[in-house]
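# have a look; sequence and predicted model below, questions after that.
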Amino acid sequence: MIKRIDEMLKLWAQDLHSPVPDGAGGPSGGNMIAMLMECKGELIRGTRGSRVLLDESADIELIVNKHLPPQLSVVVREHYCNHESFLSQKYTHCGCSRDTYYQRLHEAHLHIAGMLMGKAA
């Protein structure tokens, strides 16, 4: 895994895919569109102490949803967004072995890093 991408994906999952505890934040929950509506379209730092700006989270969201091959997208979502399953349940859901799960996760990191670098260039 690429440490920088791993950290970005953790923050992406926290910013956009984790439920907001009662009393924390507004009605938007983890929905990026609702958060943008609350902020009147202005991209601001994540509301939960995130170090990744919302526009960067939005880039990652787009990459995971539209540009990663489906088998890599599933692994990314399972690994970073599913906190309730055991590891064995995660790779069973992905239809692969533990080793393949981590190979796909690393491959996803490479794809994401490449796409983010392409955007920056």
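Yep, that arrived. Numbers count the residues shown, from 1 in each chain.
# helices of the chain, start to end?
All helices of the chain, identified by DSSP state H, fall at 3-17, 32-38, 54-62, 70-81, 87-93, 98-120.
# could you tell me the least trusted of the ones you listed?
Comparing mean pLDDT across the helices of the chain, the weakest is helix 32-38, with a mean of 68.
# can you tell me how far residue 64 is from residue 7?
15 Å (CB to CB, to the nearest Å). Placement of C-beta: from N, CA and C, glycine included.
# between the two, which one's more packed in?
Using other CB atoms under 10 Å, the more surrounded residue of residue 64 and residue 7 is residue 64, with 24 against 12.
# give the contact list for the more buried one.
The neighbours of residue 64, taking CB atoms under 8 Å, 6 or more residues apart in numbering as the test, are 12, 73, 76-77, 112.
# number of nearby residues for the nearest residue to residue 108 once chain neighbours are set aside?
Nearest in space to residue 108, with sequence neighbours left out and distances taken as CB to CB, 6 or more residues apart in numbering, is residue 72 at 4.1 Å. Residues lying near residue 72 (other CB under 10 Å) number 21.
# surely residue 72 and residue 110 touch.
No. The criterion here is CB atoms under 8 Å, and residue 72 misses it with residue 110 at 9.6 Å.
# give me the nearest residue to residue 76, chain neighbours excluded.
The nearest residue in space to residue 76 (CB to CB, 6+ apart) is residue 108, at 5.0 Å.
# ok, the closest residue to residue 105 other than its chain neighbours - contacts?
Excluding the flanking residues, the one nearest residue 105 by CB to CB, 6+ apart is residue 75, at 5.3 Å. For residue 75, the contact set (CB under 8 Å, 6+ apart) comprises 94, 96, 101, 104-105, 108.
# again, only this time at 6 Å
The neighbourhood of residue 75, defined by CB atoms under 6 Å, 6 or more residues apart in numbering, consists of 94, 104-105.
# would you list the residues you listed in CSV and tack on neighbour count and distance to residue 87?
Converted to CSV, those look like this (neighbours: other CB atoms under 10 Å; distance: CB to CB, whole Å):
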residue, neighbour count, distance to residue 87
94, 19, 11
104, 23, 14
105, 21, 11
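# I am finished for the moment; much appreciated.
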